[in-house]
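Asker: model this:
(2 chains)
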Protein chains: 2
Amino acid sequence: MKYDKGKGLYENWIVAEDDFDPAFLGKSEVTAAQGNGYMGMRSTTEETYVGEVRNTFIAGTFNKFEENEVTELPNCADLIQMDIELNGYKLDLTKGKIEGYTKALNLRTGELTREVTWHLPTGERFFLMFRRFISLNDKNLMAQSVEIKPLDATATAKIASGINGQVTNSGVQHFLEGDKRLYDGRVLQMVQTTTQSKIHLVLSTVHNFYMDELHFDASALIRMERRKIMLDFNVEIPKDKTLRIEKISNIYCSRELENEGVDLEVLKKRSSKHIKSVSEKGYEKLYQESAVSWDEKIWQKYDIIIDCPQGFDQLALRFAIYHLTIMTPAHDKRMSIGAKGLTGEGYKGHTFWDTEIFILPFFIYTDPQIARSLLEYRYLSLPGAHKKAKENGFKGAMFPWESAWLEDGEVTPEWGAADIVTGMPTKIWSGFIEQHITSDVSYAVWHYYQMTNDEDYMEKYGYELFMDTALFWSSRLEWSEEEKVYYINDVVGPDEYKEHVNNNAFVNYMAHWTLKNAMVYYELIKIKKPEVFNRLNNKLELNQAYKQWVVQIDKIYLPCPDSNLIVPQDDTYLTKESIDLSKYKNQEQVGSIFKDYNLERVNELQVSKQADVLLLLYLLEDLFDDHVKKANWAYYEPRTLHDSSLSLATHCIFASKLNEIEWAYELFLKTAQIDLGPDKMSSNHGIHAASLGGLWQCVVNGFGGIRVADGILKIEPNLPRSWKKISFPMYFKGDRLLITIDRISVRVDKLTQMNRSIDIKIYHETISLVDTVAVSYN
Amino acid sequence: MKYDKGKGLYENWIVAEDDFDPAFLGKSEVTAAQGNGYMGMRSTTEETYVGEVRNTFIAGTFNKFEENEVTELPNCADLIQMDIELNGYKLDLTKGKIEGYTKALNLRTGELTREVTWHLPTGERFFLMFRRFISLNDKNLMAQSVEIKPLDATATAKIASGINGQVTNSGVQHFLEGDKRLYDGRVLQMVQTTTQSKIHLVLSTVHNFYMDELHFDASALIRMERRKIMLDFNVEIPKDKTLRIEKISNIYCSRELENEGVDLEVLKKRSSKHIKSVSEKGYEKLYQESAVSWDEKIWQKYDIIIDCPQGFDQLALRFAIYHLTIMTPAHDKRMSIGAKGLTGEGYKGHTFWDTEIFILPFFIYTDPQIARSLLEYRYLSLPGAHKKAKENGFKGAMFPWESAWLEDGEVTPEWGAADIVTGMPTKIWSGFIEQHITSDVSYAVWHYYQMTNDEDYMEKYGYELFMDTALFWSSRLEWSEEEKVYYINDVVGPDEYKEHVNNNAFVNYMAHWTLKNAMVYYELIKIKKPEVFNRLNNKLELNQAYKQWVVQIDKIYLPCPDSNLIVPQDDTYLTKESIDLSKYKNQEQVGSIFKDYNLERVNELQVSKQADVLLLLYLLEDLFDDHVKKANWAYYEPRTLHDSSLSLATHCIFASKLNEIEWAYELFLKTAQIDLGPDKMSSNHGIHAASLGGLWQCVVNGFGGIRVADGILKIEPNLPRSWKKISFPMYFKGDRLLITIDRISVRVDKLTQMNRSIDIKIYHETISLVDTVAVSYN
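Answerer: Numbering: from 1, shown residues only, chains lettered A, B, ... in the order given. Predicted coordinates for the structure are as follows:
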């Protein structure tokens, strides 16, 4: 992959490839994926290759194929594939010869282009240019433009294009055979209905043909197959003339109209009306409208400027923001972000704590309305959380480890990859005992509230989430009559290489935090917001619960730093065998330890999949002093394989805070390379959503040193050696700020009319901000 | 495709290709398909290519994906695919260079081989040899052998191989996610259960590694994905040494054990026990056992010898017999033959009249036990036929146009390909009004009985089928008060280009025949088999029905030859427009008329898809004299596009009978070329089962001139000019004969001990056969 292809206006905006290696299609498909949060699509090529994965997902369309499988985001019909035959040769870049190949994703405008001069095996040359985008201006719209120019002689082109619903999720078909039709001689329309959740999709597409930009009618033969409707075109292209085909498509989904109660016929009509209007506008205008949206809605609001010699650092951050944008269903608060966004079948479109702990901070700082929408999702999915608590014999809200639709509750699959020793599938325990997600949600609500002061959210949803999550933990605690403390036994903490542990530090501290925080706000709203309190008290019997919380809170077992200041990850971690992990730690591919050990044996080693104690020491950083942080860093970093993409960013922020700035920068680069690096397989199943949120955190919370505590914004920057300056926008308590940090100063510009002054603490100096503040700190 | 690759023992036994064109994989996959009637598999290559279709079907495992789709034969997990990487290059014959490529199916032994010397893009050469078979000796068994020999230097081979259930039927997944496991460190096992019909499959596979035939243990890493279990091997191969991998697999199906009432665990154990025993035997021994079965069960019994200069004629006939063998589920009378055998998704594994009219004669003559099994299938599927009759307001047995499992009844899909004018899917009327199938079944029973005298079959099943089909037709007839006759209106006859016609000649004559034949046997069994009669009378109220038959039989409207001796195909055919069909008649691809006309317009032309009146004049040939036959041949042949593979063979037999021997031979060749000819797309959806049965009929009934009437075997041969001699075995009334016909004589050898004499009529001479008879006829 090439990162330096952008010039001028597009410098550090272009992620490109200049060769075509069909052995590693997944990386290319995913990194250059497109979307708008409503739909997402891998950048699979128009022509087909062995090993390609053709994925289009519409957010929130979960469907369950059968009882033994969990619900997942179905792969809807493909609109992109075009079979192109030139002078009888099927377009296939592994044949003949290619010259001047570039596939480029423009992060700034959201357009994907691919150009090549292809020599047929017989020598005739064709210039080909492919362009496409998914509109950020019109969520149902996607469009393609395909140019074919014969350079040597008049040529014939056969093009087969249409709507192909034969695609599956790794062999699983989620849609019924629906109506297919061609109407007005040119519009193809297909209906897809999910087998179990009965969600309808209506897909329409139209082809427009131009020869040297002169529109003409290309005659076509229609071909219908199972779940497939195609048009076969046959065009003669004179030498040096350019045939251009515009394929403009839409997808409408009944999910988006559920509130309106409209039926399938209305959906079909909307799709038909829409396709007519966008077809008239044409590719270029539609593309410009989308590009304007990218500029106005995203880059003017979100862009972070890094002044440093390495363009890659800037590009990687934009890449993160681009993907954070296309993966987030900001249009519908009934939906959250999948662990792989909308770019792959990995994790089946499910939402994990990745959203709350790793991605949400980006939105809290950058676009709080979207952050609120994501947190409303958790409120709306309380029915599922209650169901899970009940099923497990607990009270309150027990959030599912993997979350899909609102009432679904737990959707973690029960079985995973093969155990190398037994040859049987490994049981996945996360859905049963990885319970910290409930604290993570509560923490995220608190984090959002700290940064936004959004009382409306809190009164409607936030306080209730605080209380409901506390109810769960209160019921979950296990009283030890012997030790007279509450334990939390048999859990999986963030480190998923340790299953069935007792008193994982992260779990216990976060549970304690959740309960304590609920108590603080119980007391506060009881006095200050009696109406809210009474409503919640009636609903959740808070007064009674509170009495128990008071008894429990100080008896929860919190693993303390030992004599070496090490916080034990759980009751037994420190007693386990330590082995030399160097063999597994800097592997190109994660999980290499499983080539030698099965999970059962890894369970018995001092090896962590990912940040665990260190994440605790970051999220609840005020509970631990610097000596403890340093000691635990020195202890756990070497024992952490970073076999999860949630890990590196936390360590980066941690290292930055400990002034291990070179190390921090290295971890930043490694985080960026999870998707953009040389491992050609890493992104096959989809983008690493959390690590992109983590990358943003590396910059803002790590190098920028932004924190908030007790209503005060703290800025304690620590830039990598090579970085001269960073500047980034952020919201704080409803106001929009621009933070500019260089090697010697911090400058805060207010970008909104301020209602009040804000306390900002910069490097131990507290200043009351009225307008703009600039402080030197070094 | 090459037909002259077989030498010596294998002359005219080898269907081969000596180049590899990935644009036309379907043809190769289907023509070289393998099977044993229990399972069938396309000959898709070990390595994968764009456009390949990877199909394995187990007979009778019908499953319905959803209510709007019809039941179909599901494509079970693939056992054949192997991803082979040599020195880092994925095996891909479209890359690098290939030398000495041969893919060859040995019809005599059932083995498929593929050999090639492949040059990596970097120049290193590897000799590769692939062998595989599906056992005819052990119906659950298939085995592969893969040899890799580096010719230039020591090389590394990575091989990924296992069981892949991600395959679908054009995007439709028919199986639940089932158990997957590796046990004994080497056996992979997967359970597949159909989503609706809940049929279990257990697939087991084992890999054995040899270096220059010395067995060694190749270590492997296990990989489990959704519906997939794989082993990743990594082997170093010294220069000029041969790595050989045997992959031995089985498939067990709960259908085969339904009578035993065994459960899934027993099925798994059987599969496990079997795989252990076959793995010990190894490829070569297992292959020899299967080859012996091919010799003993098939070729010693079925082979026809054609003495002529064109080896292709001989080969084509063997090709037909080979495919007739692998497509036929002779092991289970609850199953019949799919229109595409077990070689493709076309027609979804459904059984049509193709079995009774075009394929059954082969088995009646060659292996009457199998013919009986196929006719028992129709008896067992009476529940479905009764259901259909009831649903349509008729009585008796109304056999489904497309038939699947016994109780299913009609399974013809309701919608087909797009109408080129309206852009909407075309309604498929066959399931509603293509009703002659009921006569065809009755006719087939009669044909079987004529040839075998199998009273046991007749008493148990045959007479009942005669009566039950008559009951249907009696209820189906439409009384015209005006004309005082019974019409059969609104049908589709054999010519499917004419929908909603009245009084199709084939339909009316065959309905009349069915009723008349039932009356004959009613009268006969009433006297001669009172026990059978009473049982049937009780069941079907025959006495009452018979009264009505007597009234109806002579009032059924039978379209008579007109003044030009033309039997009108239906009430309006002769009044329709005739157009010049030459443009469509000799096209490489069938259905070319639909590029210009939609079905509605074709309905209005004097154009027939396939033999219709001429088929009637063949099946009921004694009803029409030679003048009528000649006139109708002259009229209908030019109007028949042969857009169905059921057509050419009938015309061939007809032409042969009319002494149009050159024309007949041409039609024979065209029949052979439906699958073996130059059209590279014709076989994509599967083999043309009926035309293979038709090809056999061309030889035996056409050129051999074999008929039976009134218990007398008639032989009226007419060999093509270039044929010197044919000899073929056949059963007649329980005795096995060898018929030898040369240009001047006919010789009949008795191969079994005869119980009685048989009347044989050769070229107008009736001879009572005692031992061997030889008659000159020219």
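Asker: Would you agree A:Val30 is in contact with A:Ala689?
Answerer: No: using C-beta atoms under 8 Å as the test, A:Val30 is too far from A:Ala689 to be in contact (11.2 Å). Every C-beta, even on glycine, is put in place using the N, C-alpha and C of the backbone.
Asker: which helix is the longest one in chain A?
Answerer: For chain A, the helix with the greatest residue count under DSSP state H is helix A:505-528.
Asker: Tell me the helices and strands packed up against that one.
Answerer: Under the contact definition 3 or more C-beta pairs under 8 Å, 6 or more residues apart in numbering or on different chains; DSSP states H and E, helix A:505-528 sits against helix A:437-452, helix A:463-476, helix A:530-540, helix A:542-553, helix A:613-619.
Asker: Can you give me the distance of the residue of chain A positioned farthest from its centre to A:Ile237?
Answerer: If you look at how far each residue of chain A sits from its centre, by C-alpha atoms, centre = their mean, the farthest one is A:Ala153, at 47.3 Å. Spatial separation of A:Ala153 from A:Ile237 under the definition C-beta to C-beta, to the nearest Å is 10 Å.
Asker: more neighbours, A:Val30 and A:Ala689?
Answerer: Residue environment comparison for A:Val30 versus A:Ala689 gives the larger neighbour count to A:Ala689, 31 against 27, counting by other C-beta atoms under 10 Å in any protein chain shown.
Asker: Tell me the spacing between the more buried one and A:Asn701.
Answerer: Computed as C-beta to C-beta, the A:Ala689 to A:Asn701 distance reads 17 Å.
Asker: Could you do A:Leu558 as well?
Answerer: Computed with C-beta to C-beta, the distance linking A:Leu558 and A:Asn701 is 24 Å.
Asker: Please say which of the two ends up with more neighbours.
Answerer: When A:Leu558 and A:Asn701 are compared on other C-beta under 10 Å, the one with more neighbours turns out to be A:Asn701, at 22 against 15.
Asker: And the pLDDT for the nearest residue in space to the more buried one that is not next to it in sequence?
Answerer: The shortest distance from A:Asn701 to any residue that is not its chain neighbour, by C-beta to C-beta, 6 or more residues apart in numbering or on different chains, is 5.3 Å, and that residue is A:Ile653. Turning to A:Ile653, the model gives it a pLDDT of 97.
Asker: And A:Asp771, by the same measure?
Answerer: Looking at A:Asp771, its pLDDT is 48.
Asker: same check, this time on A:Tyr665
Answerer: Per-residue confidence for A:Tyr665 comes out at a pLDDT of 98.
Asker: picking that back up, which ones are touching the residue farthest from the centre of chain A?
Answerer: Contacts of A:Ala153 were listed using C-beta atoms under 8 Å, 6 or more residues apart in numbering or on different chains, and they are A:124, A:239.
Asker: thinking again about what came up before, just to check, the residue nearest to A:Asn701 is in contact with A:Trp696?
Answerer: No: at 10.9 Å, A:Ile653 and A:Trp696 do not qualify as touching, with contact defined as C-beta under 8 Å.
Asker: Ramachandran coordinates for the residue nearest the centre of chain A?
Answerer: Closest to where the C-alpha atoms of chain A average out (C-alpha atoms, centre = their mean) is A:Ala689, at 3.0 Å. For A:Ala689, the backbone dihedrals are phi -50, psi -50 (criterion: degrees, to the nearest 10).
Asker: so who does it touch?
Answerer: Taking C-beta under 8 Å, 6+ apart as the contact definition, A:Ala689 lies against A:323-324, A:327, A:337-341, A:354-355, A:358-359.
Asker: For the closest residue to it other than its chain neighbours, give me the pLDDT.
Answerer: Taking C-beta to C-beta, 6+ apart as the measure, A:Ala689 lies nearest to A:Gly341, with 4.9 Å between them; neighbours along the chain are not counted. Listed pLDDT for A:Gly341 reads 98.
Asker: Please apply the same query to A:Asn755.
Answerer: Listed pLDDT for A:Asn755 reads 57.
Asker: now do A:Glu410
Answerer: 97.
Asker: worst-scoring helix or strand of chain A, pLDDT-wise?
Answerer: strand A:765-769 (a mean of 50; mean pLDDT, DSSP states H and E).
Asker: give me the residue from the stretch 601-750 of chain A nearest chain B.
Answerer: When distances are taken as C-beta to the nearest C-beta, the stretch 601-750 of chain A approaches chain B most closely through A:His685, which lies 10.2 Å from it.
Asker: Tell me which residue of the stretch 501-650 of chain A lies closest to chain B.
Answerer: Nearest to chain B in the stretch 501-650 of chain A, going by C-beta to the nearest C-beta, is A:Lys595, at a distance of 6.6 Å.
Asker: Distance check, that residue against B:Gly162.
Answerer: Using C-beta to C-beta, we find A:Lys595 at a distance of 18 Å from B:Gly162.
Asker: And the two? Which one has more around it.
Answerer: In this comparison of A:Lys595 against B:Gly162, neighbours counted by other C-beta under 10 Å, the higher total goes to B:Gly162 at 28 against 12.
Asker: any idea of the pLDDT on that one?
Answerer: 98.
Asker: Could you look up the SS state of it?
Answerer: strand (DSSP: H, G, I helix; E, B strand; the rest coil).
Asker: pretty sure it is touching B:Glu225, no?
Answerer: No: using C-beta under 8 Å, B:Gly162 is not in contact with B:Glu225; the gap is 9.6 Å.
Asker: show me what contacts the residue of the stretch 501-650 of chain A closest to chain B?
Answerer: A:Lys595 sits in contact with A:420, B:221, where contact means C-beta under 8 Å, 6+ apart.
Asker: do A:Leu86 as well
Answerer: Taking C-beta under 8 Å, 6+ apart as the test, what A:Leu86 contacts is A:118, A:120, A:124, A:126, A:148, A:150, A:155-157.
Asker: What pLDDT is listed against it?
Answerer: The predicted structure lists A:Leu86 with a pLDDT of 98.
Asker: Any figure for the gap between it and B:Gln173?
Answerer: Applying C-beta to C-beta to A:Leu86 and B:Gln173 gives a distance of 35 Å.
Asker: Same check on A:Asp78?
Answerer: Distance of A:Asp78 to B:Gln173, computed by C-beta to C-beta: 17 Å.
Asker: Ok, A:Tyr377 next?
Answerer: Remark: distance between A:Tyr377 and B:Gln173 (C-beta to C-beta) = 30 Å.
Asker: between those two, which one's more packed in?
Answerer: Using other C-beta under 10 Å as the criterion, A:Tyr377 and B:Gln173 rank with B:Gln173 on top: 25 against 21.
Asker: Check whether that one really touches A:Thr168, as I assumed.
Answerer: Yes: contact status for B:Gln173 versus A:Thr168: in contact at 6.4 Å, counting by C-beta under 8 Å.
Asker: Spell out, range by range, the strands that occur in the stretch 51-200 of chain A.
Answerer: A:56-58, A:82-86, A:89-90, A:97-106, A:111-119, A:125-134, A:141-150, A:155-164, A:175-176, A:180-183, A:187-194, A:200-211 (DSSP state E, counting those that start in this stretch).
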